[in-house]
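Colleague: Sequence plus the predicted model coming up.
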Amino acid sequence: MTKEGLIELEGDGRAHGVTPRLVCALFLGLIAATGLIDTFASRPPPRLLGREAANDRRRREEARLFDGSLARLFEDDTKVRSRVRGWVSDPWSLFLYRALAEGGDKLVVGKDGWLFLRERVVLDNPGHRSAETIAEQGAALLSTVERWLANHGVRLVVVPVPRKSVVCRKLLPRGVDPAPEIDEQLLQALRERGVTTVDLLAAFADERSEELFFRRGTHWTERAVAIAAREAARAAGILVPEAERSTRLRAVPIPPARQDTVLLNYMGLSREGAALLPVRVEDSRGIDVIDRDGNSVEPAAREGRRRIAVVGTSFTATFGFGELVAHFADEDVRVEARPGTFAMTSLARLFEEARDVGLPELVILEVPNSAVVHHRPLPRLAQVLSDIGLASSVPVLSTAAFHLAFDPGTATPLDTKRRMLARLPEGAAFHSGDGIVFVRLTGSVVGAPLEVELAPVEDARLTRASYAQVATWEAGRTELLLPIVAPARLDGSRLVVLVRSRASSEFTLDAVELRAPFAAKLPLELAPPRGDARLVQALAVPEEPRSAALIELEIQGPFPDGLLIRLADDTVLVPGRTVKRDSVLVLPLRPLLLESNGATTLVRDAFALR
């Protein structure tokens, strides 16, 4: 014992003899052995498909030494291909999952070992948008698709697939809220915009949620697929009574290879490790389509024209959604979906192949709600719709003029720095924000492709995250079409068109204009002004939910209080002091009243758009 009251040890406190040398040798030997094994006997890399493969290629092309991206790529490759990691990963991951209900930072482990992707339970929500705003945004995007297809004479039925965390929310850990009101309000917003929509929340309500999604996967079971296919056929008006169908459904067991256990990969479990977990009965129940003699019916070949097309994601491609729609409709159905791809990518492929075989009359679009309520939903929408093009369009008159930052007809050099190409002043055009109006740019590109972005700038926090529409303009292309998706049902926000090159380019701009993607231009009868001095003009038109009135205004004289636009039932659409002296209005087709105070307002043109 020392004078300070401490215990005094014999010697200098350091380890001596052979022990420290053995520890160091063992540590260095393990490191060397791990490096040698992982270098000369590493595991083959996983086979990536679709979007994952494209992201991996882009990541490797953009990896750089000095910004750390190359080091992160090396680290991730080592994790994936390390054979030593594979030996120890399975036992450790199984211990965490079974004993401690831990699944890593990407998963939420629920009751009875149920797994959920964290990003689909707790949504990434920049700007803290409300459930109503998120739902309105998704509905506006899908309504844009509906209008675009209608322009080509194709009818659309949307099948929003509810999130697993919403359907199976009773299996989440206590206190975890998946915000089911978002999925519910998305359905309501789609109906209000006139989009034919399948309500799977209602269809699944009477079913056991454990039978609708795989316990350790992200996808729906074949029972859920059959329910969704039946309801999609019903909503589309193609459901054939059971007694009249040429095929039947038969319950069959499905092998483990067809069961979705992809979330176990997020925990670091290999296929061999996943096989150690017991398979629940619900995950092994499958459905087979058979003919009247009991023989399995093979899916129809994809070549050739079909009256009906089912377009979607891996929910469609992997689990026979299209084949089951064909059963309930009792006719061949074209299926365009691949694992790992966006719904918009599948839609683009359908139109590409339609050049040879023609377009279908009906498209049933399966789209997961997790992709619609994302902070960057349907990211390829603008590119796909621009590539599809329009069968015809009505030009919005020149009153709503863009202010151009580039001189038309003059070649302008561009680099990777983003620049403003054009802007539309606030109040110059009002529209429903669901693709009823789009921006058409004409010009030419020499050199590297351009990235063109169209965005409303009413709320800077939401512009980049939600409503911006981005498309690529490559050399040889002469026009680009960008739908306007805005945060309000009747929006007059300022619009900006931004452009930048992926490397170095020369861009010649010819024109920027507003258009409406409808073939018919039907004149509307204008009722004469009444004795009320505030009433300028009235439109007495029938109500048609999927049509709109396009009105061009020319305002003369004093304009102290702006123009008030309201429906005949006194619903105010545009408040005063918002409409500019010259404005274009694309409004719901309803009986309409235009009011002003002390200004002479002329309706230059008014017509219906369908």
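Modeller: Structure's in. What do you need?

Colleague: Contact partners for the most centrally placed residue in the chain?
Modeller: The centre of the chain sits closest to L378, judged by CA atoms, centre = their mean, with a distance of 2.5 Å. Counting by CB atoms under 8 Å, 6 or more residues apart in numbering, L378 touches 141-142, 342-344, 367, 371-372. Quick note: C-beta positions are derived from backbone N, CA and C, even for glycine.

Colleague: which phi and psi does it have?
Modeller: Backbone torsions for L378, taken as degrees, to the nearest 10, come to phi 40, psi 60.

Colleague: Excluding covalently adjacent residues, which one is nearest to P339?
Modeller: S314 (4.2 Å; CB to CB, 6 or more residues apart in numbering).

Colleague: can you count the residues close to that neighbour?
Modeller: The number of residues packed near S314 is 20, by other CB atoms under 10 Å.

Colleague: Could you report the separation of it from L212?
Modeller: Applying CB to CB, to the nearest Å, the value for S314 to L212 is 16 Å.

Colleague: Same check on L378?
Modeller: 24 Å.

Colleague: Equivalent analysis for L239, please.
Modeller: Note on L239: its distance to L212, by CB to CB, is 21 Å.

Colleague: The two - which one has more neighbours?
Modeller: Applying other CB under 10 Å to L239 and L212 shows that L212 carries more neighbours, namely 22 against 18.

Colleague: I'd like the distance between V297 and T410.
Modeller: For V297, the distance to T410 equals 61 Å [CB to CB].

Colleague: Look at these two and report which has more neighbours.
Modeller: Taking other CB under 10 Å, V297 and T410 do not tie; V297 has more neighbours (15 against 9).

Colleague: Which residue comes closest to the more buried one once chain neighbours are left out?
Modeller: For V297, the spatially nearest residue (CB to CB, 6+ apart) is V289, at 4.6 Å.

Colleague: On the three-state scheme, the spatially closest residue to T318 that is not a sequence neighbour is what?
Modeller: Distances taken as CB to CB, 6+ apart place P339 nearest to T318, at 5.8 Å, with adjacent residues excluded. Using DSSP: H, G, I helix; E, B strand; the rest coil, the three-state assignment for P339 comes out as coil.

Colleague: for the residue nearest to P339, phi and psi?
Modeller: The phi/psi pair for S314 (degrees, to the nearest 10) reads phi -70, psi -20.

Colleague: dump the residue contacts of it.
Modeller: Each residue near S314 by CB under 8 Å, 6+ apart is listed here: 219, 337-341.

Colleague: Kindly report the same for S82.
Modeller: 34, 38, 42-43.

Colleague: now swap in A32 and tell me
Modeller: For A32, the contact set (CB under 8 Å, 6+ apart) is empty.

Colleague: how close does it sit to V279?
Modeller: 40 Å.

Colleague: what kind of secondary structure is A511 in?
Modeller: Classification of A511 by three-state DSSP places it in strand.

Colleague: That should have said R57, apologies.
Modeller: Applying three-state DSSP: R57 is helix.

Colleague: where does P408 land in three-state SS?
Modeller: coil.

Colleague: Any stretches of the stretch 51-200 of the chain with poor pLDDT?
Modeller: For the stretch 51-200 of the chain, the stretches with pLDDT under 70 are 51, 86, 126-127.

Colleague: Helices of that one, residue ranges please.
Modeller: 69-81, 83-100, 118-121, 131-151, 164-167, 180-192, 200-204 (DSSP state H, counting those that start in this stretch).

Colleague: Distance from the first one to the middle of the chain?
Modeller: What it means is helix 69-81. 29 Å (CA atoms, centre = their mean, to the nearest Å).

Colleague: Also stretch 83-92?
Modeller: Counting by CA atoms, centre = their mean, stretch 83-92 comes out at 36 Å from the chain centroid.

Colleague: Same check on stretch 283-298?
Modeller: 32 Å.

Colleague: List of residues touching it?
Modeller: Residues contacting stretch 283-298 (CB under 8 Å, 6+ apart): 211, 214-215, 221-223, 225-226, 246-254, 256, 258-260, 320, 323-324, 326-327.

Colleague: if we go to 7 Å?
Modeller: Residues outside stretch 283-298 that contact it (CB atoms under 7 Å, 6 or more residues apart in numbering): 214-215, 222-223, 226, 246-254, 259, 323, 327.

Colleague: thought H219 was touching V262?
Modeller: No: using CB atoms under 7 Å, H219 is not in contact with V262; the gap is 8.0 Å.

Colleague: Looking at the two, which has the bigger crowd around it?
Modeller: H219 (21 against 16).

Colleague: mind giving me the domain split of this structure?
Modeller: 117-387, 403-517, 520-609 (automatic domain parsing).

Colleague: rank those domains by mean pLDDT and give me the bottom one.
Modeller: Here the lowest mean pLDDT among those goes to domain 520-609, at a mean of 50.

Colleague: Would you mind pulling up the elements that the strand ranked longest in the chain packs against?
Modeller: The residue-count maximum for a strand in the chain (DSSP state E) belongs to strand 434-447. Secondary-structure packing of strand 434-447 (3 or more CB pairs under 7 Å, 6 or more residues apart in numbering; DSSP states H and E): helix 131-151, strand 479-485, strand 505-516.

Colleague: Can you tell me what sits against it?
Modeller: Here strand 434-447 has contacts from 140, 143-144, 147-148, 193, 396, 429, 431, 452, 454, 473-475, 477-485, 497, 504-517, 548, 586, using CB under 7 Å, 6+ apart.

Colleague: which parts of it are buried?
Modeller: By neighbour count on 16 or more other CB atoms under 10 Å, the buried set for strand 434-447 is 434-441, 443-445.

Colleague: okay, these in a markdown table with distance to F204 next?
Modeller: A markdown table is the format used below for the buried residues of strand 434-447 (distance: CB to CB, whole Å):
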| residue | distance to F204 |
| --- | --- |
| D434 | 27 |
| G435 | 29 |
| I436 | 32 |
| V437 | 36 |
| F438 | 35 |
| V439 | 39 |
| R440 | 42 |
| L441 | 43 |
| G443 | 49 |
| S444 | 51 |
| V445 | 48 |
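
Colleague: farthest-separated two in those residues?
Modeller: D434 and S444 (30.4 Å; CB to CB).

Colleague: Report how many residues lie close to S493.
Modeller: 23.

Colleague: from memory it sits against V457, does it?
Modeller: Yes: between S493 and V457 a contact is recorded at 6.5 Å, counting by CB under 7 Å.

Colleague: my guess is F214 meets T221, correct?
Modeller: Yes: between F214 and T221 there is a contact under CB under 7 Å: 6.1 Å.

Colleague: Of the contacts of stretch 283-298, just the buried ones, PyMOL syntax please.
Modeller: The buried residues among those can be selected in PyMOL (16+ other CB under 10 Å) with this line:
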select buried, resi 214+215+222+223+226+247+249+254+259+323+327
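
Colleague: Just the ones in helices from the contacts of stretch 283-298, please.
Modeller: 222-223, 226, 323, 327 (DSSP state H).

Colleague: could the residues you listed be laid out in CSV, adding distance to D183?
Modeller: Below are the ones in helices among the contacts of stretch 283-298 laid out as CSV (distance: CB to CB, whole Å):
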residue, distance to D183
E222, 22
R223, 20
A226, 21
E323, 26
H327, 27
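
Colleague: Relative to D206, which of these is nearest.
Modeller: R223 (12.4 Å).

Colleague: Next, count neighbours for the nearest residue to that closest one once chain neighbours are set aside.
Modeller: Leaving out its chain neighbours, the residue that sits closest to R223 by CB to CB, 6+ apart is E211, at 5.3 Å. Per other CB under 10 Å, the neighbour tally for E211 reads 18.

Colleague: Fine by me, we can end here.
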